[in-house]
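Peer 1: no letters, just coordinates:
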């Protein structure tokens with residue numbers, strides 16, 4: 001009896017030998033290799049451009065004296081120009097590939113960051129639900145109400161010594177009236193004193209006597225004697 005089961009001749013080891021199982025290089029490595037290739041193409045283009053200029057000089061120098069040499073020089077110039085055009089196309093393709101890889105790398109980094117943020121939010125929300133938040137806020141409100149009740153109880157006076165605010169207002173009015181009466185009495189006394197003792201003008205003050213005036217006065221007194 002022959003088995004009809006298909007046997008894959010390509011084992012994983014053989015696939016690695018043929019290159020099927022090769023892992024993709026990282027974006028930075030690919031971009032570095034592509035930019036290196038662009039530099040090589042640019043240097044090659046400069047080299048070919050110099051050869052083109054050289055062939056043009058040869059064609060000019062032999063245009064009249066050796067036409068065959070001039071024609072061969074122009075053919076080589078055309079060949080170099082064709083190679084430059086091909087390299088320019090290849091360089092454009094590589095530059096476009098570099099740009100595409102860079103954009104894909106940025107998109108991948110953005111996606112990884114978004115995934116990390118999503119996992120972080122998921123971990124946070126596993127220990128925090130809407131019901132738990134509502135319950136916590138309700139407990140906080142209950143504790144605040146209890147604290148207010150305790151504060152009101154502590155601020156109440158001990159025993160039955162409740163102070164009557166109307167009595168305090170009456171006492172304050174009485175004190176204010178007494179102050180006004182005392183002020184009125186002091187004002188009337190000051191008025192009576194001003195009426196009885198009119199203010200007299202001050203006598204002119206004498207100017208201080210100098211030493212010369214004093215000596216002259218003493219001399220006049222001695223002469224009068």
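Peer 2: Now that the structure is in, tell me what you want to look at. Note that the coordinates shown come from a computational prediction; the quantities given were computed from them, not determined experimentally.

Peer 1: name the helix or strand for residue 98, please.
Peer 2: Assigned by DSSP states H and E, residue 98 belongs to helix 67-126.

Peer 1: tell me the helices and strands packed up against that helix.
Peer 2: Counting contacts by 3 or more Cβ pairs under 8 Å, 6 or more residues apart in numbering; DSSP states H and E, helix 67-126 is packed against helix 27-61. The way it works is simple: take the backbone N, C-alpha and C, and place the C-beta from them, glycine included.

Peer 1: run the chain-centre distance for the helix it packs on.
Peer 2: Chain-centre distance of helix 27-61: 47 Å, with Cα atoms, centre = their mean, to the nearest Å.

Peer 1: got it, and stretch 111-129?
Peer 2: 24 Å.

Peer 1: pLDDT of that stretch, averaged?
Peer 2: Taken as a whole, stretch 111-129 has an average pLDDT of 87.

Peer 1: same thing with stretch 180-196?
Peer 2: Stretch 180-196 comes out at a mean pLDDT of 70.

Peer 1: shaky segments in this structure?
Peer 2: For the chain, the stretches with pLDDT under 70 are 1-21, 157-164, 189-209, 216, 219-225.

Peer 1: residue 38 touches residue 93, doesn't it?
Peer 2: No - when contacts are counted by Cβ atoms under 8 Å, residue 38 is not listed as touching residue 93 (10.3 Å).

Peer 1: which of the two has more neighbours?
Peer 2: residue 38 (16 against 11; other Cβ atoms under 10 Å).

Peer 1: for the more buried one, give its distance to residue 121.
Peer 2: Applying Cβ to Cβ, to the nearest Å, the value for residue 38 to residue 121 is 42 Å.

Peer 1: which residues are contacting stretch 62-77?
Peer 2: Contact with stretch 62-77 is made by 51, 52, 55, 56, 58, 59, 60, 61, as judged by Cβ atoms under 8 Å, 6 or more residues apart in numbering.

Peer 1: list the buried residues of the strand or helix carrying residue 145.
Peer 2: Element membership for residue 145 (DSSP H and E) is helix 130-155. Residues of helix 130-155 classed as buried by neighbour count (16 or more other Cβ atoms under 10 Å): none.

Peer 1: how about stretch 38-56?
Peer 2: Those would be 38, 41, 45, 48, 52, 55, for stretch 38-56 by 16+ other Cβ under 10 Å.

Peer 1: check stretch 74-86 too.
Peer 2: Neighbour count says stretch 74-86 has 77, 80, 84 buried, by 16+ other Cβ under 10 Å.

Peer 1: hmm, back to that, turn the contacts of stretch 62-77 into a markdown table, including distance to residue 177.
Peer 2: Converted to a markdown table, these look like this (distance: Cβ to Cβ, whole Å):
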| residue | distance to residue 177 |
| --- | --- |
| 51 | 122 |
| 52 | 120 |
| 55 | 126 |
| 56 | 124 |
| 58 | 130 |
| 59 | 129 |
| 60 | 128 |
| 61 | 132 |
